[in-house]
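Participant: generate a structure from the sequence data that follows.
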Amino acid sequence: MKALVWHGKQDIRCDTVTDPEIEDPRDAIIKVTSCAICGSDLHLFHNFIPAMLPGDIMGHEMMGEVMEVGSGVNGRLKKGDRIVVPFTIICGECDQCKRGNFSVCERTNRKKDLADKVFGHSTAGLFGYTHLTGGYPGGQAEYLRVPFADRTHIKVPSHLTDEQVLFLGDILPTGWQAAAQCDIEETDTVAVWGCGPVGQMTIRSAILLGARQVVAIDRLPERLSMAEAAGAITINFEKESVIGRLEDLTDGKGPEKCIDSVGLESHVSFGQPDTLLDRAKQMMMLESDRPHVLREMIYVCRPAGIVSIPGVYGGLVDKFPMGIAMNKGLTFRMGQTHVNRWTDDLLRRIEEGEIDPSFVITHTARLEDGPHMYNVFRDKQDGCVKVVLKP
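Facilitator: Residues are numbered from 1 along each chain as shown. Reported below is the predicted structural model:
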């Protein structure tokens, strides 16, 4: 089969690789009908996330048709079923899964010993990501083996298009969780840093959850326009002061809820000295992540507010203002998304027309064009916000 394969820093190739096979009774094999390039794939593309190996298959946003099931799937799936595959691999039986904390499933990381050493305790296995999360082949491919398939799936109805439901596997529940863990009240100002795909879903989630005003922060006109279309107030950080504008919008009190939809590759701005310092340290391997957004959020957030972090971080950050956060009494909520906790409700909202996640798609291409589209997505060429690939 054809698949997008990691060969090193900024080196993704469309290779011919071995077709997946059933390896465990709880496995299923799907024919991938749609997959996508995610912002967190770029962290792998730039080799900022450790423990990638040449030959690893990329991708963690995918869906398709079930072609084969193992004997242990127990009727939960059958050949011909149409499913979205969450990026989190879940057993559904451990203590964390029973609590709905699916992204920290205790059983699905097949590189648990390695993850225990690095994280202290292992988290869930993830598709198409680092070997710290299991090193499972991803879904930017013609076929995919789905381990623990009796639990790791979302069945979708035939009347909804791939484009409407594909993002149930990652960015839609990620944006929803980012907003939901803010405990939004009707008097709240919610500020969202980053208007990429996750930011766009976060903005719409915060609006649906009843925020008084949502403020979207970015620098790219097409992304700010998309956020404005949803009903957000926008700030272009290259043209105006984020801190000053947020103070004006909140009568000098700051937003109650701040959401980081950027993660470790915060934009390097010549107007912000800390971003230049972070980039220099990153190049010299003195720091792995660029936390400008985190610093700004902590500084501007209203005392006793909530800082929500769906953006991916991979390692160490420097000059983290812990004293400010502690003295202001801020609450931090973060983590990989507990996808299946949210998907029943979100699928219902899609079916009822409350939200159509396909709005974020700007580019559709063949799987073979994937290596080129990684560059288009990275460089935001041609107004690129979200890429869907068709194997």
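
Participant: give me the buried positions along the least confident helix or strand in the chain by mean pLDDT.
Facilitator: When the helices and strands of the chain are scored by mean pLDDT, DSSP states H and E, helix 273-283 comes last with a mean of 80. Buried positions in helix 273-283, judged by neighbour count with 16 or more other CB atoms under 10 Å: 274-275, 277-279, 281-282. All C-beta atoms are positioned from the backbone trio N, CA, C, and that covers glycine.

Participant: cool, stretch 381-391 as well?
Facilitator: 384-389, 391.

Participant: let me have those residues in JSON lines, extended by distance to Pro255.
Facilitator: What follows is the buried residues of stretch 381-391, written out as JSON lines (distance: CB to CB, whole Å):
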{"residue": "Cys384", "distance to Pro255": "29"}
{"residue": "Val385", "distance to Pro255": "24"}
{"residue": "Lys386", "distance to Pro255": "26"}
{"residue": "Val387", "distance to Pro255": "31"}
{"residue": "Val388", "distance to Pro255": "32"}
{"residue": "Leu389", "distance to Pro255": "36"}
{"residue": "Pro391", "distance to Pro255": "42"}
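
Participant: among the residues you listed, which are in helices?
Facilitator: Nothing among the buried residues of stretch 381-391 maps onto helices, per DSSP state H.

Participant: between those residues, which sits nearest Ala216?
Facilitator: Val385 (13.0 Å; CB to CB).

Participant: thought the closest one was touching Gly196?
Facilitator: Yes. Using CB atoms under 8 Å, Val385 makes contact with Gly196 at a distance of 6.8 Å.

Participant: overlap in contacts of those two?
Facilitator: In terms of CB atoms under 8 Å, 6 or more residues apart in numbering, Val385 and Gly196 are both contacted by the residues Arg223.

Participant: where along the protein do the helices fall?
Facilitator: For the chain, the helices defined by DSSP H cover 39-45, 95-98, 112-119, 162-165, 171-180, 197-208, 221-230, 242-249, 273-283, 292-300, 322-328, 339-351, 370-378.

Participant: weakest of those helices by average pLDDT?
Facilitator: Of all these, mean pLDDT reaches its minimum on helix 273-283 (a mean of 80).

Participant: give me the distance between it and the centre of its chain.
Facilitator: Helix 273-283 sits 24 Å away from the centroid of its parent chain (CA atoms, centre = their mean, to the nearest Å).

Participant: try stretch 358-372
Facilitator: Its chain's C-alpha centre and that of stretch 358-372 lie 17 Å apart, by CA atoms, centre = their mean.

Participant: from start to finish, how long is that stretch in a straight line?
Facilitator: 22 Å (CA to CA, to the nearest Å).

Participant: quick one: buried residues of that stretch?
Facilitator: 358-363, 367, 369-371.

Participant: before we move on, the earlier item: what angle sits between the least confident helix or strand of the chain and helix 292-300?
Facilitator: Angle of helix 273-283 versus helix 292-300, following axes from the mean of the first three to the mean of the last three CA atoms, to 10 degrees, is 150 degrees.

Participant: and helix 273-283, what does it pack onto?
Facilitator: Applying 3 or more CB pairs under 8 Å, 6 or more residues apart in numbering; DSSP states H and E, one finds that helix 273-283 contacts helix 292-300.

Participant: helices and strands around the helix it packs on, which ones?
Facilitator: Looks like helix 292-300 contacts strand 189-193, helix 242-249, strand 257-260, helix 273-283, strand 306-309, helix 322-328 (3+ CB pairs under 8 Å, 6+ apart).

Participant: again, 7 Å this time
Facilitator: Applying 3 or more CB pairs under 7 Å, 6 or more residues apart in numbering; DSSP states H and E, one finds that helix 292-300 makes contact with helix 242-249, strand 257-260, helix 273-283, helix 322-328.

Participant: which residues touch it?
Facilitator: Helix 292-300 is contacted from outside by 193, 242-243, 246, 254-255, 258, 260, 262, 266, 272, 274-275, 278, 307, 317, 321, 324-325, 330, using CB atoms under 7 Å, 6 or more residues apart in numbering.

Participant: nearest spatial neighbour of His363, skipping sequence neighbours?
Facilitator: With CB to CB, 6 or more residues apart in numbering as the criterion, His363 has its nearest non-adjacent residue at 4.7 Å, and that residue is Val387.

Participant: what residues does stretch 112-132 touch?
Facilitator: With CB under 7 Å, 6+ apart, stretch 112-132 has contacts from 49-53, 57-60, 85, 87-90, 102-105, 108-111, 133-134, 136-140, 336.

Participant: restricted to strands, list these.
Facilitator: With strands defined by DSSP state E, the entries of the contacts of stretch 112-132 inside them are 57, 85, 88-89.

Participant: any idea which residue sits dead centre in this protein?
Facilitator: Nearest to the geometric centre of the chain sits Ile171, at 5.1 Å (CA atoms, centre = their mean).

Participant: who touches that residue in this structure?
Facilitator: 38, 197-198, 201.

Participant: with that, I have no additional questions.
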